[in-house]
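J.: sequence unavailable; structure follows:
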């Protein structure tokens with residue numbers, strides 16, 4: 001009797017092998033990604049772009065994270081160029097904490113990394129445009145007598161930002177804005193490592209409280225002052241000036257390596273005399289040459305006002321809070337607080 005076979009298709013062995021291999025590769029890739037996200041001791045691998053982001057990740061992550069800082073101590077963050085090894089390692093992070101717009105090479109690497117859990121500090125608080133002068137008392141610029149005749153003074157969002165204005169990334173120097181960023185970082189770490197969500201929240205609450213105490217110290221410590229104006233190397237302290245009603249006069253712009261124009265130097269000579277400026281501040285990571293030359297010409301004192309872009313042996317403190325406290329003391333001395 002003839003038997004007719006129906007509905008049966010023979011699958012070649014090579015096809016079966018190929019499908020199985022593809023499945024194994026997929027499982028392997030997922031396993032590799034999961035392994036890379038956490039270290040051998042089970043901690044979440046977090047990559048931070050530079051010190052202020054590293055500090056947040058460490059404070060919030062506590063014992064549950066291993067934090068790698070892309071910017072080594074002593075390196076000016078604005079100038080960072082990533083190595084191929086750093087770029088590759090970035091893609092193996094369980095979470096990334098960075099500030100978009102500060103370090104172009106990091107921005108590009110984060111975009112290409114494929115990492116799911118990313119905290120961009122620039123998106124966690126409000127950034128403003130700041131020029132070489134920021135008047136926090138009147139929330140304007142160029143009211144310190146430094147505007148050249150014929151210059152346009154345009155208003156933007158209630159703030160006159162003057163010439164050479166750019167989005168200011170230095171949000172960590174305002175404790176209130178830094179606390180806002182901390183809350184966003186907490187959310188990212190909790191999403192990346194939900195098993196320790198409660199601990200991350202507890203650590204964030206403690207950090208936000210300390211930042212609130214720091215804010216109160218600045219408010220109280222800068223109340224009774226003889227002057228409101230301070231001169232610094234680059235425009236890093238605009239948010240701080242706005243928060244506490246001070247006037248920041250920067251020799252250069254947002255970029256610490258920017259050289260001032262002859263007109264800007266002339267302006268600084270005039271305002272230093274008109275507003276009783278006693279001190280020209282320089283910083284630890286950028287060259288102090290221009291600041292010291294200006295101070296010498298005007299017979300003024302010099303001191304350090306640290307933008308906290310990195311901690312080195314020259315830093316006046318071992319961490320964010322110690323350096324911010326040192327900055328407060330330097331401002332109190334320069335502004336003649338009582």
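T.: Perfect, I can see it now. Since the model is a prediction, treat every value here as computed from it, not as a measurement.
J.: buried ones in stretch 173-182?
T.: 173, 174, 175, 176, 177, 178, 179, 180, 181, 182 (16 or more other Cβ atoms under 10 Å). Bear in mind the C-beta positions are built from the backbone N, C-alpha and C, glycine included.
J.: where in this structure is pLDDT low?
T.: Under the criterion pLDDT under 70, the flagged ranges of the chain are 1-36, 138-165, 257.
J.: related to what we said a few turns ago, let me know the closest of the buried residues of stretch 173-182 to residue 116.
T.: residue 181 (19.5 Å; Cβ to Cβ).
J.: gap between that closest one and residue 121?
T.: With distances taken as Cβ to Cβ, to the nearest Å, residue 181 is found 5 Å from residue 121.
J.: overlap in contacts of those two?
T.: 171, 172 (Cβ atoms under 8 Å, 6 or more residues apart in numbering).
J.: on that earlier part again, looking at the buried residues of stretch 173-182, which are in helices?
T.: Counted as lying in helices by DSSP state H, out of the buried residues of stretch 173-182, are 175, 176, 177, 178, 179, 180, 181, 182.
J.: verify the contact between the fourth one and residue 52 for me.
T.: This means residue 178. Yes: in this structure residue 178 lies within contact range of residue 52 using Cβ atoms under 8 Å: 7.5 Å.
J.: which neighbours do these two share?
T.: Common contacts of residue 178 and residue 52, defined by Cβ under 8 Å, 6+ apart, comprise residue 172.
J.: list phi and psi for residue 222.
T.: With angles defined as degrees, to the nearest 10, residue 222 sits at phi -110, psi 10.
J.: residues contacting it?
T.: 244, 245, 246, 328, 331, 332, 335, 337.
J.: grab the nearest non-local neighbour of residue 273.
T.: Nearest residue to residue 273, sequence neighbours excluded (Cβ to Cβ, 6 or more residues apart in numbering): residue 298, at 7.6 Å.
J.: neighbours of the one you found, just the number please.
T.: Neighbour count of residue 298, defined by other Cβ atoms under 10 Å: 16.
J.: swap in residue 105?
T.: Residue 105: 16 neighbours (other Cβ under 10 Å).
J.: ok, residue 301 next?
T.: If we define neighbours as other Cβ under 10 Å, then residue 301 has 13 of them.
J.: thanks again, I'm all set now.
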